[in-house]
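**Student:** Kindly return the folded structure for what I paste below:
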Amino acid sequence: MRQIQQYLLDASQAESFRINAHPREHTLLSVERGVMWVTVDGDAADHWLRAGDTFEVRGSRRLFLSAEGGPVHFETVSVPISARVAAGQSARHYFQQNAARRLSPGARSGRLPGLT
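**Tutor:** From the prediction side, this is the model:
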């Protein structure tokens with residue numbers, strides 16, 4: 001089973017976002033619209049994501065997100081590490097192959113769930 005959640009990060013909003021995933025899961029963050037800055041707690045690198053970009057997070061991690069210039073619509077997809085993924089297929093590849101089956105009820109606005 002996959003869990004798909006959609007979010008709206010308001011323009012110039014910065015948030016702490018906790019991904020609570022099983023150690024055998026990857027979570028794929030996919031930007032649908034806008035530009036978002038992402039940093040992972042404990043990682044010195046910053047990541048800039050634009051519409052169409054994805055970012056893979058393994059296990060549970062705290063992210064810091066910021067919308068740059070305008071609102072950002074993004075979604076997270078939890079992907080179990082299956083035998084196919086363990087054999088060398090990334091969660092991003094799994095997500096792209098199964099994109100037609102994604103749920104798309106529209107982005108939710110407001111605070112991101114799971115924030116502390």
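**Student:** Let me see the ranges of the helices in the protein.
**Tutor:** Using DSSP state H, the helices found in the chain span residues 83-86, 91-97.
**Student:** Lowest mean pLDDT across these, which one is that?
**Tutor:** Least confident of those, judged by mean pLDDT, is helix 83-86 with a mean of 48.
**Student:** Was I right to think Ser45 contacts Val38?
**Tutor:** Rather than Ser, residue 45 is Ala. No. Taking Cβ atoms under 8 Å as the definition, Ala45 is not a contact partner of Val38, at 9.5 Å. For every residue, glycine as well, the C-beta is placed using N, CA and C.
**Student:** out of these two, which sits in the busier spot?
**Tutor:** Using other Cβ atoms under 10 Å, the more surrounded residue of Ala45 and Val38 is Val38, with 21 against 7.
**Student:** Just confirm Phe17 contacts Ser66, I think it does.
**Tutor:** No. Phe17 is not in contact with Ser66 according to Cβ under 8 Å; the separation is 10.5 Å.
**Student:** So for those two, which residue has more residues nearby?
**Tutor:** Neighbour tally, Phe17 and Ser66, criterion other Cβ under 10 Å: the higher count belongs to Phe17, 20 against 17.
**Student:** Pull out the buried residues from stretch 31-38.
**Tutor:** Within stretch 31-38, the residues scored as buried using 16 or more other Cβ atoms under 10 Å are 31, 34-36, 38.
**Student:** Which of the helices and strands in the protein ranks last by mean pLDDT?
**Tutor:** For the chain, the helix or strand with the lowest mean confidence is helix 83-86, at a mean of 48 (criterion: mean pLDDT, DSSP states H and E).
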